[in-house]
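J.: How does the following fold in three dimensions:
(one chain, ligands or ions: 1)
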Amino acid sequence: MKKHYGESLAWLAVLLVIFIGAWQLIAGFYQRQVLDQQQTYLEKKGSLLMHMAELNGGGDSLKDLSQHYVTSSDERITLLAADGAILFDTYDPSLEGTRSDRPEIKTLLQGGKLGVSLRQSDTLNKELLYVAIPVMTDGQLSNIIRIAEPTATFMAEAGSVRQSIFFVYSVLCLLITFLVLYFLRQKNRPIEKILPVLKKMATQPQKTELIMQTSPQWQELYQTINQLSEQLSQTYQAYTATENQLHTLLNELMIGVFILDEEQQLVMINPTMQEQLGITGMLSLPTEFASVIKDPGLIQLIYRINKHQPVLQEELRLKLPEEKVLDINLRLFNEQKQLMGISYDLTRVRQLEKMQKDFVSNVSHELKTPVTSLIGFTETLLAGAMHDPKITEEFLVIMQKDAQRLQRLIQDIIQLSKTEAELQYELQPIELPTLFQQLKDSYRQLLAEKQVTLTLTGSEPTYWLTNREFFYPIIKNLVENAIQYSPKNSQVKLSWRLTAADQLEVTVRDQGLGIDQDDQERIFERFYRVDKARARHSGGTGLGLAIVKDYTEKLGGTLHLTSHPQVGSTFSVAFPKLTK
Ligand code: ADP
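T.: Take a look at the predicted model:
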């Protein structure tokens with residue numbers, strides 16, 4: 001807006017200069033006209049005087065006529081000789097001397113037909129208009145008549161006319177000024193209307209700005225701006241919505257994402273990426289990427305990427321408190337100015353792969369022992385030992401044990417490798433006292449061999465709604481281990497109760513070997529055994545507790561172990577109530 005005032009002021013200044021200049025010209029021209037007119041008038045008057053003097057007989061008659069004439073006017077008439085000497089002057093009859101040096105006289109002396117001069121009179125001390133006319137006798141200059149009139153006399157009259165002209169001129173100037181300012185305002189009006197709207201559109205693009213149409217002249221322009229504003233606000237809103245969706249997506253994404261700008265400033269990092277890189281606390285972005293990403297492997301990878309190699313992929317092992325395996329993909333985009341990093345957390349996948357590998361190698365190892373033993377015994381028998389009935393029987397007993405161990409191993413592996421979908425997940429009410437009694441009966445021989453007593457205690461609940469395929473192996477493995485790892489003449493107690501949290505808690509307590517603290521953490525791993533030789537000897541597969549843990553989790557239960565070496569172990573499993 002200030003700019004427009006400035007423009008108006010500049011125009012006013014230019015107009016003022018033009019008006020003053022023009023006035024100077026007009027005033028000068030007018031004065032010139034007045035002087036010319038007066039000069040002609042004086043010239044004609046001089047000629048008339050001369051003519052009249054001639055008619056009256058010359059010489060003194062001119063003097064008398066002049067004298068008579070000037071009494072009724074301000075004019076001064078001087079009669080000069082042919083050389084410029086004063087003969088007579090109406091203002092001062094006693095005036096003498098020459099006026100040959102005066103410009104108007106000089107002109108005549110040099111042969112001119114008329115001498116005119118506007119100057120200050122030394123005698124009268126006034127500005128006078130002098131007109132000198134030659135008096136010719138026989139073609140020769142005989143006298144000069146000079147008529148002078150104070151400019152003040154005729155200029156005073158001309159002044160009032162000049163005032164009128166000035167008045168009209170001023171009115172004209174004002175009109176022109178008004179018109180110029182009006183057109184300037186008209187010219188600037190759309191800018192004044194549109195500029196604030198455009199500024200608002202730039203600062204608040206989400207809002208629709210409207211120009212109220214006041215002038216039909218700019219209507220189309222205003223309508224276009226209104227349309228533009230509406231389109232901009234719609235586009236901006238659509239853009240904001242898309243950006244919000246993208247942010248939500250990035251925040252929820254299970255893939256880590258980060259973006260670096262061309263100055264390698266970190267401009268975006270999603271929560272998953274922060275978690276994968278072990279970054280805690282609030283980040284103020286943008287920030288130097290090296291202040292956030294500390295892993296040397298990833299930093300190296302970021303430095304390696306360039307326009308010749310705009311895509312990089314690498315699996316990195318990060319040494320955070322716990323080791324993480326990340327599959328990092330880096331890509332330059334946006335004309336190679338920005339860098340996007342995408343990261344998949346492969347830690348669990350790699351762990352599972354390792355577990356699978358370990359499991360396969362453990363299974364092979366476990367299978368190898370009884371199979372080697374079976375082959376060894378059969379070969380010995382076939383080589384001739386079968387003819388000795390005693391050795392044959394002895395060998396067959398060992399071979400039967402190996403075969404049974406193989407069978408158990410295979411059963412356990414099958415059980416462990418069965419997925420939930422494969423197992424029938426049907427809930428059925430199980431009568432607990434009956435089930436525990438059946439279990440006890442199935443171990444009658446082993447209990448007798450080891451002289452171990454198994455007591456069952458518990459009254460409530462009698463029935464429990466659960467899945468038998470999961471529930472039975474849990475209890476069976478715990479009871480079998482308790483008997484297996486108990487010394488002779490000891491007791492194993494199986495008890496059950498309903499807890500305050502409405503859960504079924506089954507506890508198996510023995511007075512056996514016990515398990516020390518370090519081993520307690522590992523015995524639920526597949527094939528882990530505290531005393532390998534002893535466990536194998538007892539016929540254990542090393543998978544029992546792994547099955548217990550797996551199935552307890554499948555039933556949503558929790559497992560608890562308290563054990564002291566040489567005192568005994570207590571395994572408790574709490575099962576939450578399941579509903580059909
Ligand atoms: P296994 O078939 O060898 O018994 P488990 O997975 O059932 O395999 O048990 C793993 C290991 O935990 C056993 O080898 C044994 O060393 C130890 N263990 C399990 N139960 C008991 C227990 N009640 N008392 C002492 N040690 C036990």
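J.: contacting residues around the residue lying closest to Leu409 once chain neighbours are set aside?
T.: In space, Leu409 comes closest to Thr541 once its chain neighbours are excluded; the distance is 4.8 Å by C-beta to C-beta, 6 or more residues apart in numbering. C-beta here means a position set from N, CA and C on the backbone, and glycine is covered the same way. Contacts were defined as C-beta atoms under 8 Å, 6 or more residues apart in numbering; by that measure Thr541 touches Glu366, Arg405, Arg408, Leu409, Asp412.
J.: Repeat that for Ser569.
T.: Contact analysis of Ser569 by C-beta under 8 Å, 6+ apart lists Ala482, Tyr485, Arg509, Asp510, Gly512, Leu513, Gly514, Ile515, Leu561, Thr562, Ser563.
J.: again, but for Leu312
T.: Leu301, Arg304, Ile305, Ile328, Asn329, Leu330, Arg331.
J.: before we move on, back to that, which one of the contacts of Ser569 is nearest Ile145?
T.: Comparing those against Ile145 with C-beta to C-beta places Leu561 closest, at 152.3 Å.
J.: so the closest one touches Glu521, yeah?
T.: No: Leu561 is beyond contact range of Glu521, at 9.6 Å (criterion: C-beta atoms under 8 Å).
J.: the more surrounded of the two?
T.: Applying other C-beta atoms under 10 Å to Leu561 and Glu521 shows that Leu561 carries more neighbours, namely 15 against 11.
J.: Report the secondary structure element holding the more buried one.
T.: If you go by DSSP states H and E, Leu561 is part of strand 558-564.
J.: can you check Arg509 too?
T.: strand 504-510.
J.: Going C-terminal from that strand, what's the next secondary structure element?
T.: Next element after strand 504-510 (DSSP H and E): helix 517-520.
J.: After the lowest-mean-pLDDT helix or strand in the chain, which helix or strand is next?
T.: Counting by mean pLDDT, DSSP states H and E, the chain has its least confident helix or strand at helix 532-537, which shows a mean of 60. Downstream of helix 532-537, the next assigned helix or strand under DSSP H and E is helix 544-554.
J.: Now find how far off-centre that next one is within its chain.
T.: Counting by C-alpha atoms, centre = their mean, to the nearest Å, helix 544-554 is centred 52 Å from the centre of its parent chain.
J.: Would you mark the buried spots in it?
T.: Of the residues in helix 544-554, Gly544, Leu545, Ala546, Ile547, Val548, Lys549, Asp550, Tyr551, Thr552, Lys554 count as buried by neighbour count, 16 or more other C-beta atoms under 10 Å.
J.: With stretch 265-278 instead?
T.: Leu266, Met268, Ile269, Asn270, Thr272, Met273, Gln274, Gln276, Leu277.
J.: what's the answer for stretch 451-465, then?
T.: Neighbour-count burial for stretch 451-465 [16+ other C-beta under 10 Å]: Val452, Leu454, Leu456, Gly458, Pro461, Trp464.
J.: Am I right that the last one is in contact with Glu505?
T.: Right, Trp464. No: applying C-beta under 8 Å as the test, Trp464 and Glu505 come out as separate, 11.0 Å apart.
J.: residues shared between the contacts of the two?
T.: Joint contacts of Trp464 and Glu505 (C-beta under 8 Å, 6+ apart) are Phe575.
J.: Could I get the contacting residues of the residue in the stretch 51-200 of the chain that the ligand sits nearest to?
T.: Residue nearest to the ligand within the stretch 51-200 of the chain (C-beta to the nearest ligand atom): Lys200, separated by 74.6 Å. Lys200 makes contacts with Lys207, Glu209, as judged by C-beta under 8 Å, 6+ apart.
J.: Just checking the distance from the helix or strand encompassing it to the centre of its chain.
T.: Assigned by DSSP H and E, Lys200 falls within helix 151-203. Chain-centre distance of helix 151-203: 50 Å, with C-alpha atoms, centre = their mean.
J.: One more: stretch 139-149?
T.: Centroid separation for stretch 139-149 versus its chain: 98 Å, with C-alpha atoms, centre = their mean.
J.: What residues of that stretch count as buried?
T.: Asn143, Ile144, Ile145, Arg146, Ile147, Ala148, Glu149.
J.: Return the members of the contacts of Ser569 classed as buried.
T.: In these, the ones that pass as buried (16+ other C-beta under 10 Å) are Ala482, Tyr485, Arg509, Asp510, Gly512, Leu513, Gly514, Ile515, Ser563.
J.: ok so, going back, export the buried residues of helix 544-554 to CSV and tack on distance to Pro93 and pLDDT?
T.: Compiled in CSV, the buried residues of helix 544-554 are given as follows (distance: C-beta to C-beta, whole Å; pLDDT from 0 to 100):
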residue, distance to Pro93, pLDDT
Gly544, 163, 90
Leu545, 159, 93
Ala546, 156, 92
Ile547, 159, 91
Val548, 159, 94
Lys549, 154, 94
Asp550, 154, 91
Tyr551, 157, 91
Thr552, 154, 94
Lys554, 152, 89
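J.: Tell me which two of these sit farthest apart.
T.: Across those, the longest distance by C-beta to C-beta is 15.8 Å; it joins Gly544 and Lys554.
J.: Near the ligand, list only the ones from the buried ones among the contacts of Ser569.
T.: Applying C-beta under 6 Å from any ligand atom to the buried ones among the contacts of Ser569, one finds that Ala482, Tyr485, Asp510, Gly512, Leu513, Ile515 fall near the ligand.
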